[in-house]
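Participant: after the sequence you'll find the predicted model.
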Amino acid sequence: MSIHRIHLESLSPLAGARVVIGGDEAHHAARVKRCEIGDAVELLNGRGARGSAVIRDIRKSRQGEWEVELEVASVSTQNRPSPRVEVYAPAAKGERLEEMVDGLSQVGADTYRPLLTKRTVVDPREGKINRLRRVATESLKQCGRGWLLEIGDAISFAEAIKPTSGTLIVAADASGGPLPQATVMSAERVVLLVGPEGGFSDEEFAQLKAAGVTLFCFAPHVLRVETAAVVGAAMIRALPSPR
């Protein structure tokens, strides 16, 4: 049986500390996962801290809401993986967008931002962005990653291809070559651009070329946006880092 994980932003670095959680996290532990007093749980703050704890009490507050009291046994920290992998891809329609965010979290991407291109159909508003952040938090707990997938605001195509020191920008396209492994491994930050369902426009391809963006192909068939984003991010993350 897998250990239950709890997202706790204020994770104390002190062993022996007592922490009381409430809200959705407490309700999920007490009523959905049916955790019991004495059970071990894992704590994640989404910023590299990972703790082990034991449930010391499960109760209801005076307001009638569930509370879970934890005793922290130990806390460790892990560095953010290198290079940093950021994925800019147009928002897919409906549940496909949430599935893409969950997939990006599972394969180890650091950031997702909706990419606005000429053929982009969906421009997610604040409510949807907040929903994606909740999806990223749930995925953090499900897959046990130390760093929360960051969900950024939408970014324009012109802004996305601006060169930045230490950053390699690559774009997924069937006309490209293999992933430039040596260049990826030496970068501090890799930005993966994925085009919309209709592909990048001729003007955008010209802008990619002018900006020196590397095109790479990683599948023999045409992929949906959400599939291309997750597969591309996984290939980049899977490369060994020299640091």
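Facilitator: Done, it's in.

Participant: buried residues in stretch 173-188, which are they?
Facilitator: When neighbours are counted by 16 or more other Cβ atoms under 10 Å, the buried residues of stretch 173-188 are found to be 173, 176, 179, 184, 185, 187. Every residue, glycine included, has its C-beta placed from N, CA and C.

Participant: same thing with stretch 224-235?
Facilitator: Neighbour counts using 16+ other Cβ under 10 Å place 225, 226, 227, 228, 229, 230, 231, 232, 233, 234, 235 of stretch 224-235 among the buried residues.

Participant: how about the most centrally placed residue in the chain, what does it touch?
Facilitator: With the centre of the chain defined as its mean C-alpha position, the nearest residue by Cα atoms, centre = their mean is residue 149, 2.5 Å away. For residue 149, the contacting residues are 101, 104, 105, 109, 110, 111, 112, 136, 139, 140, taking Cβ atoms under 8 Å, 6 or more residues apart in numbering as the criterion.

Participant: just the buried residues of those residues.
Facilitator: When those are checked against 16+ other Cβ under 10 Å, the ones flagged as buried are 101, 104, 105, 109, 110, 111, 112, 136, 139, 140.

Participant: and the second one, what helix or strand is that in?
Facilitator: Looking back up the chat, that one is residue 104. According to DSSP states H and E, residue 104 maps onto helix 95-107.

Participant: helices and strands around that helix, which ones?
Facilitator: strand 111-116, helix 126-143, helix 225-238 (3 or more Cβ pairs under 8 Å, 6 or more residues apart in numbering; DSSP states H and E).

Participant: in the chain, which helix or strand is least confident?
Facilitator: When the helices and strands of the chain are compared on mean pLDDT, DSSP states H and E, helix 181-186 comes out lowest with a mean of 90.
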